[in-house]
Structure formats: C-alpha cells, structure tokens
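**Student:** Show me the folded form of this:
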Amino acid sequence: MPDPDGRFTELWDAHYDDVLRYAARRIDHETARDVAAETFLVAWRRRGDIPPDRPFPWLLNVARNVLANETRSRRRRVRLWDRLRGDSPRAPTADPASALAADARIAAALGRLSARDREVLQLVGWDGLDARSAATVLGCSVKTFSVRLHRARRRLTGALIEVDAADRPAPATPLRRSPQV
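**Tutor:** Purely as a prediction, here's the structure:
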C-alpha cells in the first residue's frame, strides 16, 4: 500500500531501531525483529490513532502488548510440547538481554526486582522516556507512573545493598588464644 504523505515512512525511519532495541532487551533478537515488525504492522493499520506529537510512547505501548502476546504464546507452546512428551513443566529460559548488561552489579540487583519494577526502571533508564511518555507506554497516569518509579528506585537501592552485602567476604573471626598457664 502506498504511503501518500510519507508520514509512516518517517515514523519507521525515526523509531524502528528504538522499538527493535526495546524488544531485544526483553526477548531474543530474532523474535525481537518479529515484534518490531508486528508493532509497525499495527501502527500501519491504526495510523489514525497514533498521536502526532508523541508517537514513540504509543509505539512502545504497542510493542509491549505484542511482547506480552508473544510471551503467552511461548508459554502455551512449551506447555503443549511438555504434555506431548510427558515432561514436567520447564523453568522459563533466562532473558538474553540480561547478558548485555555491562554492569553485573546492576544486573544482579535488577534480577532481584519484580518484572513491573524492572519495566518502570528500563523505560526511564534504557529507553530514555520521561514520566509522561512512560506512563503512556504502561497505560497509566503520569502520577501513578511517578509513584511506581519512586518505589522501583527505592527497591533497586535496597537490592543493590543486598548485592553488595552478598559480594563482601565474611569477616574473619579472630582466633581465640587459650589462656597461658
């Protein structure tokens, strides 16, 4: 289908790589490419719904929903294969995006947080969104998002303290001298 005014092409050029990175941090790269493509397919179908002044948060909201659908589909497939083979349910696979985290300390602390807290922190820290845009992605008010962000930051601080405490070697116990006779 033609893009008569070129807006969709501009949208693609401006945000495809960012949407792909968003998905790649949450799922394997091949599936992330599918998620990005599906996101822009939805955007093409719903061109009239895209806010012209802030399209990126809208796109991330769509990508988030596409990722959620993909995750549910994967879980159903794994359960089906397990039932067909007679296996017990498998533990979920590790998120490959966590391997990309440059700082193991931050990655360890983020791993201790809930998925909701990680999502809030990643929208601000990794995706560079402001509170208004991130609230749009999550489908909540700016005030609600700000409260979630404050709480997530507080929990991250606590998790960092725990990670640091776990990494510290245990203090050596002093040797007791036996009384000299």
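
**Student:** Domain boundaries for this protein, per the record?
**Tutor:** 1-92, 101-166 (automatic domain parsing).

**Student:** what's near enough to touch the closest residue to residue 108 other than its chain neighbours?
**Tutor:** Sequence neighbours aside, residue 163 is the residue nearest to residue 108 in space, at 4.7 Å (criterion: CB to CB, 6 or more residues apart in numbering). For the C-beta atoms, the positions are set from N, CA and C on the backbone; glycine is no exception. Taking CB atoms under 8 Å, 6 or more residues apart in numbering, we find residue 163 in contact with 105, 108, 109, 112.

**Student:** in the chain, what spans have low per-residue confidence?
**Tutor:** 1-4, 87-103, 167, 169-181 (pLDDT under 70).

**Student:** for it, longest helix please?
**Tutor:** With DSSP state H applied, the helix covering the greatest number of residues in the chain is identified as helix 55-85.

**Student:** tell me which residues in it are buried?
**Tutor:** Within helix 55-85, the residues that count as buried by 16 or more other CB atoms under 10 Å are 55-67, 70.

**Student:** Need the max-distance pair from the residues you listed.
**Tutor:** 55 and 70 (21.9 Å; CB to CB).

**Student:** before we move on, back to that, what's the next secondary structure element after the longest helix of the chain?
**Tutor:** helix 104-111 (DSSP states H and E).

**Student:** Show me how far that next one is from its chain's centre.
**Tutor:** Offset of helix 104-111 from its chain centre (CA atoms, centre = their mean, to the nearest Å): 13 Å.

**Student:** What is the subsequent helix or strand relative to it?
**Tutor:** Next element after helix 104-111 (DSSP H and E): helix 115-125.
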